[in-house]
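> below is the sequence, then the predicted model.
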Amino acid sequence: MSDKPKKLALVASRGTLDWAYPPFILASTAAAMGWEVAIFFTFYGLNLLKKDMHNKIDPASNPAMPMKLPFGPEALQNFNLPIPNVIMGNLPGFQNVATALMKKTFEKKGVATIEQLREMCLEADVHMISCQMTQEVFGFRDEEFIDGIEHGGAATFLDFASDADVSLFI
């Protein structure tokens, strides 16, 4: 058996609230287990590294989102909405309502916030790599991002991922 720690390589490409949890939960868990971890944030996932995050749920682009609300006040949980996601996602204000309900439910269940999970990753020395090409394409400046991250290209991440035990695209 090798003394070398296991390695986890993650690609985070989405920046909505529901897609923000998987990379940070997986990374913080693996780091707590003694794994070496790197997350490559590219395209819309880059928003997860910004100092000022405003992540929301996007019901219109998530066909698997149940219209029976799995979160929020109990009275709403029993109210089944047989409305297609494309309509529900385009109702004025529904994105804000869904986001608030999910955040409230997570808080009620004791789930850490994205900011807390991100801080846990930083404290656990998870390599968080901001995609330099995406930064340039979208016009992001280094100052917009939290401290403690790396800025690099695909080659930076691939060097890490080339001998990872687990690689995931999220």
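Okay, I see it. Numbering: from 1, shown residues only.
> tell me which helix or strand of this protein sits lowest on mean pLDDT?
None of the helices or strands of the chain scores lower by mean pLDDT, DSSP states H and E than helix 74-77, at a mean of 57.
> could you chop the protein up by domain?
7-54+114-169, 59-108 (automatic domain parsing).
> tell me the most buried of those domains?
Most buried of those, by mean neighbour count (mean count of other C-beta atoms under 10 Å): domain 7-54+114-169, with a mean of 18. C-beta coordinates here come from the backbone N, C-alpha and C atoms, glycine included.
> ends of it, how far apart?
Domain 7-54+114-169 has an end-to-end distance of 15 Å (C-alpha to C-alpha, to the nearest Å).
> would you list every one of the strands in the protein?
7-12, 36-41, 127-131, 150-152, 166-169 (DSSP state E).
> redo these as CSV? Include distance to Ala20.
Shown next, in CSV, are the strands of the chain (distance: least, C-beta to C-beta, whole Å):
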stretch, distance to Ala20
strand 7-12, 8
strand 36-41, 11
strand 127-131, 13
strand 150-152, 19
strand 166-169, 15
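> can you put these in CSV and add mean pLDDT and distance to Glu144?
Formatted as CSV, these follow (pLDDT from 0 to 100; distance: least, C-beta to C-beta, whole Å):
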stretch, mean pLDDT, distance to Glu144
strand 7-12, 98, 17
strand 36-41, 98, 13
strand 127-131, 98, 10
strand 150-152, 96, 11
strand 166-169, 96, 24
